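Asker: sequence first, then the predicted structure:
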Amino acid sequence: MSDIRQLTKKIIDFRKKRDWKQFHNPKDTALSLVLEAAEVLEFFQWKNEGEIKKLLRNKKEEISDELADVLYWILLMSHDFGIDIGNALSKKIKKNKKKYPINKSKGKHNKYTEL
């Protein structure tokens, strides 16, 4: 399994060899992230539970590719913005533990303001 730093280095090397940094401003990288996330959603649009189970069996590689594209943009943006994404995720989990204490949120889908 690759760690975040190794994956980030791979994508930065990929970009550098193609001279694409010139195109990667914050607006366009954020747009690319959203567009790739929308491609993940497209697999599930209009599908019922049975169709989704079948889709996950039969289109796993294609879904995997789109999830990898989403991760690509997250890692690229966090690198370009000087954000340690692993640390940011750890901090966010701590914040969410406070927002969603187990005794109030277990088994519920409510937003923290509604608990």
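Answerer: Arrived safely, thanks for sending. Residues are numbered from 1 along each chain as shown.
Asker: do a quick rundown of the strands in the protein.
Answerer: Assignment of strands within the chain using DSSP state E yields no ranges at all.
Asker: neighbours of the nearest residue to T29 once chain neighbours are set aside, how many?
Answerer: Using C-beta to C-beta, 6 or more residues apart in numbering and skipping the chain neighbours, the partner closest in space to T29 is M77 (5.0 Å). Every residue, glycine included, has its C-beta placed from N, CA and C. Neighbour count for M77, taken as other C-beta atoms under 10 Å: 17.
Asker: pLDDT score assigned to the residue lying farthest from the centre of the chain?
Answerer: Farthest-out residue of the chain from its mean C-alpha position, per C-alpha atoms, centre = their mean: N103, at 28.1 Å. pLDDT recorded at N103 is 94.
Asker: and the residue nearest to T29, what does it touch?
Answerer: Contacts for M77 (C-beta atoms under 8 Å, 6 or more residues apart in numbering) come out as P26, T29, A30, L33, I83.
Asker: hey, which helix is longest across this structure?
Answerer: helix 60-80 (DSSP state H).
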